[in-house]
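> Sequence and predicted structure below; questions after.
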Amino acid sequence: MQTDSSPGGAVSVPLPARAHLPAGWRDVPVLDIVIPVYNEEKDLQPCVRRLHDHLVRTFPYPFRITIADNASTDRTPEVAAQLAASSEEVRYTRLEQKGRGRALRAVWSASDAPVLAYMDVDLSTDLNALLPLVAPLISGHSDLAIGSRLARSSRVVRGPKREFISRSYNLILRSSLHARFSDAQCGFKAIRGDVAGVLLPLVEDTGWFFDTEMLVLAERAGLRIHEVPVDWVDDPNSTVHLVKTATDDLKGVWRVGRALTVGALPLDRLARPFGDDPRDRQLAGVPGGLARQLVGFCVVGALSTLFYLLLYSGFRTFSGSQVANALALLVSAVANTAANRRLTFGVRGRDRAMRHQAQGLVVFAIGLALTSGSLAALDAASGNASHGTELAVLIAANLAATVLRFLLLRAWVFPERRDAAATPVIRYEQLPTQLSEQLPEQEQQFRVTAAADTHDPRNAR
């Protein structure tokens, strides 16, 4: 699949619908495992032979091991070439530039395998986790899979320094990027090949932050990330430079976090196929997305109100009540529109962002009229009301404006699009039939049966 990466020329690329690999898949290897290496002449041969032996004994599908050499300057190319010559399941490719992300992008983009994976050359992760890692991708259940050293059932042996760095980094990801995956740095990951074809062109990093950026993009695009608890033993001879890696990762977190804040992350180029998510179903008596939007709006509204009151109290120290109210409401309105745009109504990217803010300012003007009118009425009634009374009146006025704000945002600022380019909403009972048109021929018979089953009310959820 192709995507236009030029600014202003973004093309929405549909993500592939999940489907189980056919049972008789034998045309190409089902799994392609990449081992990125740089100056690993000592560890490469025992690593590849151990992995190859494990796959021959335990993996029920055809496989391939690809050694990706990141411009090594020792005997790594010679060792890799010998391994490739000695086994038809082993391949060797060389890149003239360093960077783990660059190596993974190059090999995964050129691979014909439906499931792609990678692991570090030290094989710190127990290989018994390999089949559980890729099984959800083969079955069509998930889009990506990662090994997690931070899961409760994981068994990890490593020093306090690496433990502290790992947990601190993942805490930063959760707090700054709102990541829900637990371990971004574990060198044990897999992705469906068709998903990689759409996702990888949007990942900018070419080094160690490549994994994190890919996972953040996938999570924000609505892809399912499967986590596998792993047994992991630290390699004391690892050549990874912790300080440089941590610095590069923090720079990547800042770049992606800033892109998320300004809406520059290219999520608008990832279109999830309609029907791939059960939330696409339209059920009788349940307005599409209304419950979720109400929850999101209430959360954003509560935070915006607190923000507004703090601003008002600050501005009130050096200005009158009307000026403080106008300034506080203006600043909080811009933040409220941006938050509702992303969190409540799910609008991402820069498209129509300025228009939405302009419409949000109209809604702000209505709120300003209500709150300013309330303050004017209070002044006329009492003459010199206390600060607490002012806050109480403003809270009541904001609550009254909140209902009107939600209705205006839902119906006018962020209306549900129903143009010809948008995918039409289909009824729940029509969903299996619609999906069957998108799936391979070998899945047709199963989907026809599923379509018949949906007419039984006992199958409705």
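On my side now, so go ahead.
> Report the buried residues of the top helix by length along the chain.
Using DSSP state H to assign secondary structure, the helix with the most residues in the chain is helix 353-382. Neighbour-count burial for helix 353-382, counted by 16 or more other C-beta atoms under 10 Å, picks out 353, 356-357, 359-360, 363-364, 367-368, 370-372, 374-375, 378. Bear in mind the C-beta positions are built from the backbone N, C-alpha and C, glycine included.
> what does stretch 54-64 give?
Going by 16+ other C-beta under 10 Å, stretch 54-64 has these buried residues: L55, F59, Y61, F63, R64.
> Tell me how far the residue located most distally from the centre of the chain lies from A218.
Farthest-out residue of the chain from its mean C-alpha position, per C-alpha atoms, centre = their mean: G383, at 54.0 Å. Separation of G383 from A218 (C-beta to C-beta, to the nearest Å) stands at 60 Å.
> Over to R50?
R50 is 30 Å from A218, by C-beta to C-beta.
> do the same with L44
Applying C-beta to C-beta to L44 and A218 gives a distance of 30 Å.
> How about T212?
11 Å.
> swap in A326?
Distance of A326 to A218, computed by C-beta to C-beta: 42 Å.
> same check, this time on T206
Relative to A218, and taking C-beta to C-beta, T206 is found at 18 Å.
> Give me the subset of the buried residues of stretch 54-64 that lies in strands.
Secondary structure from DSSP state E places F63, R64 of the buried residues of stretch 54-64 in strands.
> between the buried residues of stretch 54-64, which is nearest V300?
Closest to V300 out of the buried residues of stretch 54-64 is Y61 (46.5 Å), distances taken as C-beta to C-beta.
> Would you agree that closest one is in contact with I138?
Yes: assessed by C-beta atoms under 8 Å, Y61 is found in contact with I138 at 7.4 Å.
> Spit out the residues that contact the two alike.
Common neighbours of Y61 and I138, using C-beta atoms under 8 Å, 6 or more residues apart in numbering, are V30.
> Please, where are all the helices along the stretch 151-300 of the chain?
160-176, 193-199, 210-220, 242-262, 290-316 (DSSP state H, counting those that start in this stretch).
> Is it possible to get TSV of those that adds mean pLDDT and distance to Q97?
TSV is the format used below for those (pLDDT from 0 to 100; distance: least, C-beta to C-beta, whole Å):
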stretch	mean pLDDT	distance to Q97
helix 160-176	84	25
helix 193-199	93	20
helix 210-220	92	13
helix 242-262	82	15
helix 290-316	84	43
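> Now the ones you listed in TSV, please, with extra columns for distance to S12 and mean neighbour count.
Below are the helices of the stretch 151-300 of the chain laid out as TSV (distance: least, C-beta to C-beta, whole Å; neighbours: other C-beta atoms under 10 Å):
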stretch	distance to S12	mean neighbour count
helix 160-176	27	14
helix 193-199	10	21
helix 210-220	15	22
helix 242-262	18	15
helix 290-316	23	16
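> And the contacts of stretch 346-365?
Counting by C-beta under 8 Å, 6+ apart, 10, 220, 262-268, 329-330, 333-334, 336-338, 341-342, 405, 408-409, 412-414 sit against stretch 346-365.
> List only buried entries from these.
The buried subset of the contacts of stretch 346-365 - by 16+ other C-beta under 10 Å - is 10, 220, 263, 265-268, 329, 333, 336-338, 341-342, 405, 408-409, 413-414.
> ok, now how distant is H54 from Y61?
14 Å.
> What of L270?
28 Å.
> Please apply the same query to L399.
In terms of C-beta to C-beta, L399 sits 59 Å off from Y61.
> okay but L31 is in contact with Y61, surely?
Yes: using C-beta under 8 Å, L31 makes contact with Y61 at a distance of 6.2 Å.
> Show me where the stretch 1-150 of the chain has its strands.
Under the criterion DSSP state E, counting those that start in this stretch, strands of the stretch 1-150 of the chain are mapped to 13-14, 31-37, 63-70, 90-95, 115-119, 144-148.
> Neighbouring strands - and their directions - for the fifth one?
The reference is to strand 115-119. strand 31-37 (parallel), strand 188-192 (antiparallel) (DSSP bridges).
> do you know how far the residue nearest the centre of the chain is from T125?
Centroid check for the chain by C-alpha atoms, centre = their mean gives E219 as the closest residue, at 1.8 Å. From E219 over to T125 the distance is 22 Å, taken as C-beta to C-beta.
> quick one: contacts for the closest residue to R192 other than its chain neighbours?
Nearest residue to R192 in three dimensions, chain neighbours excluded: L137, at 5.1 Å (C-beta to C-beta, 6 or more residues apart in numbering). L137 is in contact with V115, D143, L144, A145, A190, I191, R192, H226, counting by C-beta under 8 Å, 6+ apart.
> Nearest approach to A19 belongs to which of the helices of the stretch 151-300 of the chain?
helix 193-199 (9.4 Å).
> for that closest one, packing partners?
Contact here means 3 or more C-beta pairs under 8 Å, 6 or more residues apart in numbering; DSSP states H and E; on that basis helix 193-199 packs against helix 100-110, strand 115-119, helix 210-220.
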